[in-house]
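*Asks:* Could you work out the structure for the sequence below:
(one chain, ligands or ions: 1)
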Amino acid sequence: MIEEGAQEAAIGAFLLAHQGHTQDVEVQRGAWTIYCLCKRCDDVHTYEVDNEARERALGLPPWPKLKKKMGEPRAGP
Ligand SMILES: [Zn+2]
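*Replies:* Numbers count the residues shown, from 1 in each chain. A predicted model of the protein is given here:
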């Protein structure tokens, strides 16, 4: 499991591990998974992303809405 926003780092690490055969590397990004494949090495890595979309998919409640302070009565003229 990787943090949301760490996708680029995870992909970068995979590409670095397969430096020189990037033309054989396939990367597929899903909503909450990243699938990395190197055909030359027959190496497959799947990363699960820990993000809000995943939480929604798992049925967790959404983030509480921030209450906006609007129309607050003034002390007077
Ligand atoms: Zn490789």
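*Asks:* can you pull the contacts of the residue nearest to N51 when sequence neighbours are not counted?
*Replies:* The spatial neighbour of N51 that comes closest, neighbours along the chain excluded (C-beta to C-beta, 6 or more residues apart in numbering), is E4 at 3.7 Å. C-betas here are computed from N, CA, C, even on glycine. E4 makes contact with 49-52 under the criterion C-beta atoms under 8 Å, 6 or more residues apart in numbering.
*Asks:* now swap in T33 and tell me
*Replies:* 46-49.
*Asks:* rewinding a little: I'd like to know how far the residue nearest to N51 sits from C41.
*Replies:* Taking C-beta to C-beta, to the nearest Å as the measure, E4 falls 28 Å from C41.
*Asks:* again with G59
*Replies:* G59 sits 37 Å away from C41 when distances are taken as C-beta to C-beta.
*Asks:* try D24
*Replies:* Taking C-beta to C-beta as the measure, D24 falls 8 Å from C41.
*Asks:* what touches both of these two?
*Replies:* H18.
*Asks:* hmm, who's touching the helix ranked longest in the chain?
*Replies:* The helix that spans the most residues within the chain, counting by DSSP state H, is helix 7-17. With contacts defined as C-beta under 8 Å, 6+ apart, helix 7-17 is touched by 2, 22, 25, 27, 29, 34, 36, 38, 43, 45, 47, 49.
*Asks:* Please consider this matter closed, and thank you.
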